[in-house]
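Undergrad: Pasting the sequence and the predicted coordinates here, then a few questions.
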Amino acid sequence: QVQLVESGGGLVQPGDSLRLSCAISGGPSRPFVMAWFRQALAKEREFVAAVAGGGTKTYYSDSVKGRFTISGDSAGNTATLQMNSLKPEDTAVYYCAAKPGYLAIMTGVTAYNSWGQGTQVIVSS
């Protein structure tokens, strides 16, 4: 069974940086499209960024484009989200997600069938 192991997150000030990491463990060896979503208090879970094609293809939401960078390994089993110039509105629980595949990036929550436990990011002065 596929499990997603997340690390990173924490409390930072506006303008600071954080890095989130996610790795797949278990299950058969195959490539995944991997993504990060986030859910702020009393809001729906939203797409942040995704990586596919063994790290060759990426896609970002407009709210993080230019500030966040997602990367992945060639096997399609890891996803790292480098978050720069953080803003208070980036405060949320961040979730790693994965779906089997190589190139098809999807932005909907229901497209992904494996999820991490979530890691809290708080941006506050």
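TA: Thanks, I have the structure now. Numbering: from 1, shown residues only.
Undergrad: How about the contacts made by the closest residue to V51 other than its chain neighbours?
TA: Leaving aside its sequence neighbours, V51 sits nearest to G72 (CB to CB, 6 or more residues apart in numbering; 3.9 Å). (Glycine included, C-beta is placed from N, CA and C.) Applying CB atoms under 8 Å, 6 or more residues apart in numbering, we find G72 in contact with 34, 51-52, 54-55, 78-80.
Undergrad: rerun that using 10 Å as the cut-off
TA: Taking CB atoms under 10 Å, 6 or more residues apart in numbering as the criterion, G72 is in contact with 22, 31-34, 50-58, 78-80.
Undergrad: Can you flag which of these belong to strands?
TA: If you go by DSSP state E, those have 22, 32-34, 50-52, 57-58, 78-80 in strands.
Undergrad: Determine the three-state secondary structure at the residue nearest the centre of the chain.
TA: Against the mean C-alpha coordinate of the chain, by CA atoms, centre = their mean, the closest residue is W36 at 2.0 Å. For W36, the assignment made with DSSP: H, G, I helix; E, B strand; the rest coil gives strand.
Undergrad: What's the local residue count around the closest residue to it other than its chain neighbours?
TA: Setting aside the residues directly before and after it, W36 is nearest to V48 in space (CB to CB, 6+ apart), at 4.4 Å. Neighbourhood size, V48 [other CB atoms under 10 Å]: 25.
Undergrad: Surely V48 touches F37?
TA: Yes. Counting by CB atoms under 10 Å, F37 is a contact partner of V48 at 5.9 Å.
Undergrad: shared neighbours of the two, anything?
TA: Applying CB under 10 Å, 6+ apart, one finds that V48 and F37 are jointly contacted by 61, 92, 94-95, 97, 107.
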